[in-house]
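> Build me a model:
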Amino acid sequence: MIVNEALNTHSNYFVLPNAIYNLGLSAGAIAAYGFLSSCENRARRSKDRYTCYPSMATIGRAIGRSRKTVENYIGELVEAGLILTEPTKVTTADGLRWNGSLKYTLLDPQRAVELYHERQCARNDAHLESGVKKKRKAMKKAEKKRERKQKPHDEYVAERSAHVPEELPF
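From the prediction side, this is the model:
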């Protein structure tokens, strides 16, 4: 069996942390994260380590999605705490400054997992709190109902039948 030498080099592979599959991300956001991971600068002593600069169109072509959809995926990744984005500027040869591609910085996925768990706990606490409020409200309503004294039926009928409406002047 002949093995292609290019497949044996470690530069053609990258590792995705297992944790990203437990963050509630869409499949498209995971694909975008995978593409950004494949593009990131992995040089150990580089000041730009963990960064990359692909355009939205480039990411879209790589994962088979539109530019607008990629923007949504990037927003999802930022919200999850997996990446940071920063705008860049490009100066052309004739001195004009243009907006460049975003600078993507891949963050520690473990921090994103912690953030996800913090948010889940906050949602659970809010849900429990709303349940407690509903239960308190129901208890107060039941207590008020118990406090109301009901008249015996005979007394109620006698009271209603004894009531004579006032005559209105015409």
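
> pLDDT averaged over the longest helix along the chain, what's the number?
Assignment by DSSP state H gives helix 109-147 as the longest helix of the chain. Mean pLDDT, helix 109-147: 81.

> in the protein, what spans have low per-residue confidence?
For the chain, the stretches with pLDDT under 70 are 1-11, 146-151, 162-166, 168, 170.

> if you set the cut-off to 50 instead, what comes out?
Within the chain, the stretches with pLDDT under 50 are 1-8.

> show me what contacts Ile30?
16, 20-21 (Cβ atoms under 8 Å, 6 or more residues apart in numbering). Just so you know, the C-beta spots here come from the backbone N, C-alpha and C atoms, and that holds for glycine as well.

> From the contact counts, what lies against the longest helix of the chain?
With contacts defined as 3 or more Cβ pairs under 8 Å, 6 or more residues apart in numbering; DSSP states H and E, the packing partners of helix 109-147 are helix 67-80.

> so after the helix it packs on, what's the next helix or strand?
Note on helix 67-80: by DSSP states H and E, the next helix or strand toward the C-terminus is strand 83-86.

> Narrow the contacts of Ile30 to those that are buried.
Ile20 (16 or more other Cβ atoms under 10 Å).

> Just give me the closest of the contacts of Ile30 to Arg111.
Ranked by distance to Arg111 (Cβ to Cβ), the contacts of Ile30 are led by Ile20 at 12.2 Å.
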